[in-house]
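[1] Task: produce atomic coordinates for the following.
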Amino acid sequence: MTCAVYQQTPIEQRLAVAEAAARAAGAYLRQQFHAARCVNEELPHDIKLQLDKDTQQLIEQHLLTAFPQDSVLGEEGCSGLSGAEYEWVVDPLDGTVNYYYGIPLFCVSIALRKGEAVLLGCVYDPMQDECFTAMAGKPACLNGEQIKVSARSRMAEAVVFVGHGTHDGSGAKGIRRFAHISSQVRKVRILGSAALSICYIAAARMDAYIENRINVWDFAAARVILESAGGCLEYTPSAADSVSGAVVAWNGALPIHSALQMPD
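    Next comes the predicted model:
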C-alpha cells in the first residue's frame with residue numbers, strides 16, 4: 001500500500017523538511033565513508049568523530065533555515081531558540097563505531113517534539129537508500145510504502161536485539177540477561193544502530209529491542225515509526241530530567257515482559 005499524497009498539513013511540511021535534511025546528511029556521510037576519519041574522542045566502548053559534529057551542523061542548517069523559531073536537541077549539542085514550542089531531536093550519525101570501522105550500517109535520525117509529544121520521525125539509511133518516516137497517528141512508511149510490524153507471537157520465532165551493558169555499570173547483569181533472552185529466541189542480532197534496529201521492528205525484519213542505557217536522540221524518531229507501524233516502546237528514564245534510560249521495544253505480540261523475567 002502506498003502512503004497517500006495530498007495537500008500537506010503543517011506537520012507534513014515539517015516531515016518533508018526533515019526528510020530533505022536527513023537525505024542531505026546521508027549523502028554527505030556516504031560521500032565521506034571511505035575518507036580518513038578525524039577522531040575527536042576515544043572512549044572505552046565508543047568513539048566520537050568530527051564528522052558527527054559536521055553532519056549535525058548540516059542538519060541544523062536545513063531545519064532552522066526552514067523553521068527559525070524552533071530549537072534542536074542533538075547528540076552533538078543544542079542550538080536554535082531557547083524555550084521554543086517545537087524541538088527537533090537529532091542524531092546525525094547513529095552507528096558511529098560502525099561507520100569508523102567501515103561497516104555500512106548507520107543512519108541519520110530526526111524527530112520533532114512539542115512538549116512531551118513526539119510528532120514525527122525520519123530515519124534514513126544512506127547506504128541502503130532506505131528512508132523510514134511517520135507522523136504520530138498516521139501510517140509508518142519505508143520509501144513511501146506502508147510498513148507494519150510482524151505478527152510473530154512466540155519467542156522461539158523471534159529475532160531480537162539485546163544490549164548487554166558494557167559501559168554503564170551493569171555489565172554482569174546485562175550479560176546474564178543476554179544469555180537468558182538468547183536461549184529463548186531464534187536469533188539475536190546486534191546492528192550497532194539503535195534507530196535502525198527499532199525501524200527494523202517496524203518493518204517486520206526484527207521483533208524486539210532491549211537496551212538498558214540509551215539516549216533519547218537514539219530512538220526518538222524510530223519510536224514514532226515503530227508505534228505507527230503497530231509496535232510498542234517503553235522508555236524508563238534513568239532520572240527525572242535525564243536524556244538517557246532503558247528501552248524495551250517490540251512488535252506488540254511477543255510476551256516480552258515475561259521473557260525478560262530472569263531466575264534469581
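[2] Show me the contact partners of stretch 22-37.
    Identification of contacts with stretch 22-37 by Cβ atoms under 8 Å, 6 or more residues apart in numbering yields 49, 51, 54-55, 58-59, 62, 92-93, 99-100, 102, 104, 106-110, 122-127, 131. C-beta: built from backbone N, CA, C; applies to glycine.
[3] mind running it again at 10 Å?
    Residues outside stretch 22-37 that contact it (Cβ atoms under 10 Å, 6 or more residues apart in numbering) are 47, 49-52, 54-59, 61-62, 90, 92-93, 95-96, 99-102, 104, 106-110, 122-127, 129-133, 221.
[4] those helices in the stretch 151-264 of the chain, which residues are they?
    Ranges of helices within the stretch 151-264 of the chain are 171-182, 194-202, 216-228, 256-260, based on DSSP state H, counting those that start in this stretch.
[5] Ok, which of the ones you listed comes nearest Leu81?
    helix 216-228 (18.5 Å; Cβ to Cβ).
[6] same question for that closest one, mean pLDDT?
    For helix 216-228, mean pLDDT is 97.
[7] roughly how far out does it sit from the chain middle?
    Distance of helix 216-228 from the chain centroid (Cα atoms, centre = their mean, to the nearest Å) equals 6 Å.
[8] what do you get for stretch 205-220?
    Its chain's C-alpha centre and that of stretch 205-220 lie 7 Å apart, by Cα atoms, centre = their mean.
[9] And it, what's buried?
    206-220 (16 or more other Cβ atoms under 10 Å).
[10] Show me how the chain divides into domains.
    10-147, 155-260 (automatic domain parsing).
[11] Keeping just the C-alphas, turn the host helix or strand of Leu73 into PDB.
    Secondary structure assigned from DSSP states H and E places Leu73 in strand 71-74. Extracted C-alpha coordinates of strand 71-74, given in PDB (Å, rounded to 0.1, in the frame of the first residue of the first chain):
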ATOM      1  CA  SER A  71      15.200  24.500  18.600                       C
ATOM      2  CA  VAL A  72      17.500  21.500  18.100                       C
ATOM      3  CA  LEU A  73      18.500  18.900  20.800                       C
ATOM      4  CA  GLY A  74      21.200  16.700  19.300                       C
END
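[12] what residues does the very next helix or strand once past it touch?
    Remark: after strand 71-74, the chain's next helix or strand is strand 77-80, criterion DSSP H and E. The contact list for strand 77-80 (Cβ under 10 Å, 6+ apart) reads 53, 56-57, 60-61, 63-64, 67-73, 86-88, 90.
[13] So which bits of strand 77-80 are buried?
    By neighbour count on 16+ other Cβ under 10 Å, the buried set for strand 77-80 is Ser79, Gly80.
[14] for stretch 105-122, same thing?
    For stretch 105-122, the neighbour count (16+ other Cβ under 10 Å) marks 105-113, 118-122 as buried.
[15] what do you get for stretch 147-166?
    Applying 16+ other Cβ under 10 Å to stretch 147-166 flags 147-150, 152, 155, 158-165 as buried.
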